[in-house]
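*Asks:* Here's a sequence, model it:
(chains A and B)
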There are 2 protein chains.
Amino acid sequence: MKKAVVLVSGGLDSATVLAMAVREGWRCHALSVDYGQRHRSELDAAAAVALRLGAAEHRIVRVDLGAFGGSALTDTSIAVPTAPSSGIPVTYVPARNTILLSLALAYAEVVEADAILTGANAVDYSGYPDCRPQYLAAFEAMANLATRRAVEGHPIAVRSPIVSFTKADIVRRGHELGVDFSLTVSCYDADGQGRACGRCDACRLRRDGFAAAGIPDPTRYRPAAGP
Amino acid sequence: MKKAVVLVSGGLDSATVLAMAVREGWRCHALSVDYGQRHRSELDAAAAVALRLGAAEHRIVRVDLGAFGGSALTDTSIAVPTAPSSGIPVTYVPARNTILLSLALAYAEVVEADAILTGANAVDYSGYPDCRPQYLAAFEAMANLATRRAVEGHPIAVRSPIVSFTKADIVRRGHELGVDFSLTVSCYDADGQGRACGRCDACRLRRDGFAAAGIPDPTRYRPAAGP
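*Replies:* Residues are numbered from 1 along each chain as shown, chains lettered A, B, ... in the order given. Have a look, this model is predicted:
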């Protein structure tokens, strides 16, 4: 049975990736990274998603990216924007995907996985450089020079099966696979119970995705914000 | 003034790299990673080295690689070998340099550094795949697709100025630059005060390096082991 490390953030995209991988017969080792996010509800969501979708195991690794600052997602002195912005948003976390994939690479070597799967997406998050296909290909090339396992003849694939999906495509695919999206948290500013603000970029994209897919939005919003 | 993030482990190699960079006029941001090493003395040594050699600042970031296991350096159930071995040694830590460089990349983006400098060395540690020049080049290529700063026209260089040095070359270069090697800890099994075992691979390489360079070895050994 082929094994994959699947980066599971607690959001909608990586939940769909995990469901796709399980359906395709991969033994999935789910990995979440506690990198100093503003709230724990994402990690709680990740654990619930991994359990419900049938991951073989789920690990959470802590790394304190807040020590560097530089992002609204890890630095509480930078506000999460509630209006659309142009260019790379302040919610960009320096080198985040590189760090997440590096940790996945370590985990993959220990469990002897053949692939690392992520929910990186170049369509809706085109502002993030580390979500593009050429970035993932460069990471894979580097990874295949980096580890004992790769050097000894077991290459690793680094893929996002949804990299070119629209948010509506992701919602539709997850829905077909029976993903319970009410478990997932996408909001950049969710409260302690994982209820969404309904106003940030991530909330907007998610809501528009459900609307475009014609699938009811099960997101739990905070009373004040409303869907 | 050009800025560099310098990975400082507390060992002899990265101390020499930091001294070289300071001498060349780089403003150096030293970074050490607490990845669940067996002992804290390496990190204490890193702080002493960074301070003494004139780093502009020194940060320690914690990431719990012990959660994955798989190495004698992070898993106390695997013994540190005291005899030479062939192939990649059990002291290899899965994806270690990739994780260290990824954290350096995040720090580099926040401080707007132009380079990441490491003490990776392909001569004495040829058993470690992530110390080879082709690996460092692949990491650099990936890094230049990964970050906002790179995408906006500020590429990052990823280099080890000692990658092809012998241990004796490193000792000589550090000595010329006035590095106080008594501050550094190379031993895989040092005690709480940073005193070396004198028997592991790292101790042997280090002692042989001083001997080959014709420079007195200032390493503090534990009484029982002796140099």
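
*Asks:* What are the boundaries of the strands in chain A?
*Replies:* Taking DSSP state E as the criterion, chain A contains strands spanning A:3-7, A:27-34, A:57-62, A:115-117, A:157-159.

*Asks:* and the end-to-end length of stretch A:153-171?
*Replies:* According to C-alpha to C-alpha, to the nearest Å, stretch A:153-171 extends 37 Å from its N-terminal end residue to its C-terminal end residue.

*Asks:* Go through chain A and flag its longest helix.
*Replies:* Determined from DSSP state H, the single longest helix within chain A is helix A:96-111.

*Asks:* Now that helix - C-alpha only, CSV.
*Replies:* Output of helix A:96-111 as CSV, limited to C-alpha atoms (Å, rounded to 0.1, in the frame of the first residue of the first chain):
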residue,chain,number,x,y,z
ARG,A,96,5.2,29.0,5.4
ASN,A,97,4.7,26.3,2.8
THR,A,98,8.5,25.7,2.6
ILE,A,99,8.5,25.0,6.4
LEU,A,100,5.4,22.9,6.3
LEU,A,101,6.7,20.8,3.4
SER,A,102,10.1,20.5,5.1
LEU,A,103,8.4,19.1,8.2
ALA,A,104,6.3,16.8,6.0
LEU,A,105,9.6,15.6,4.3
ALA,A,106,11.0,14.6,7.7
TYR,A,107,7.8,12.8,8.6
ALA,A,108,7.7,11.1,5.1
GLU,A,109,11.3,9.8,5.6
VAL,A,110,10.5,8.3,8.9
VAL,A,111,7.3,6.6,7.8
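
*Asks:* Summarise which helices and strands that helix is packed against.
*Replies:* Other helices and strands packing on helix A:96-111, by 3 or more C-beta pairs under 8 Å, 6 or more residues apart in numbering or on different chains; DSSP states H and E, are strand A:3-7, strand A:27-34, strand A:57-62, strand A:115-117, helix A:133-146, helix A:148-151, helix B:96-111, helix B:133-146. Placement of C-beta: from N, CA and C, glycine included.

*Asks:* Out of the ones you listed, which is closest to B:Pro161?
*Replies:* The minimum distance between B:Pro161 and these falls on helix B:133-146, with 11.0 Å, by C-beta to C-beta.

*Asks:* chain center to that closest one: distance?
*Replies:* The chain centroid and the centroid of helix B:133-146 are separated by 18 Å under C-alpha atoms, centre = their mean, to the nearest Å.

*Asks:* what angle sits between it and helix A:96-111?
*Replies:* Orientation note: helix B:133-146 sits at an angle of 140 degrees relative to helix A:96-111 (axes from the mean of the first three to the mean of the last three C-alpha atoms, to 10 degrees).

*Asks:* now what about helix B:133-146, what contacts it?
*Replies:* Around helix B:133-146, the neighbours that count as contacts under C-beta atoms under 8 Å, 6 or more residues apart in numbering or on different chains are A:95, A:97-98, A:129-130, A:132, A:134-135, A:138-139, A:141-142, A:145-146, B:97-98, B:101, B:105, B:116, B:118, B:120, B:122, B:129, B:150-151, B:155-160, B:163-164.

*Asks:* and that helix, average pLDDT?
*Replies:* When pLDDT is averaged along helix B:133-146, the result is 97.

*Asks:* Could I have the CA atoms of that helix written out in PDB?
*Replies:* The C-alpha trace of helix B:133-146 is given here as PDB (Å, rounded to 0.1, in the frame of the first residue of the first chain):
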ATOM      1  CA  PRO B 133      26.600  21.400  -3.100                       C
ATOM      2  CA  GLN B 134      23.900  20.100  -5.500                       C
ATOM      3  CA  TYR B 135      21.500  20.000  -2.600                       C
ATOM      4  CA  LEU B 136      22.200  23.600  -1.600                       C
ATOM      5  CA  ALA B 137      21.800  24.700  -5.200                       C
ATOM      6  CA  ALA B 138      18.400  23.000  -5.400                       C
ATOM      7  CA  PHE B 139      17.300  24.600  -2.100                       C
ATOM      8  CA  GLU B 140      18.300  28.000  -3.500                       C
ATOM      9  CA  ALA B 141      16.400  27.500  -6.700                       C
ATOM     10  CA  MET B 142      13.300  26.500  -4.600                       C
ATOM     11  CA  ALA B 143      13.700  29.400  -2.200                       C
ATOM     12  CA  ASN B 144      13.700  31.800  -5.100                       C
ATOM     13  CA  LEU B 145      10.300  30.700  -6.100                       C
ATOM     14  CA  ALA B 146       9.000  30.500  -2.500                       C
END
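
*Asks:* Many thanks, we can stop here.
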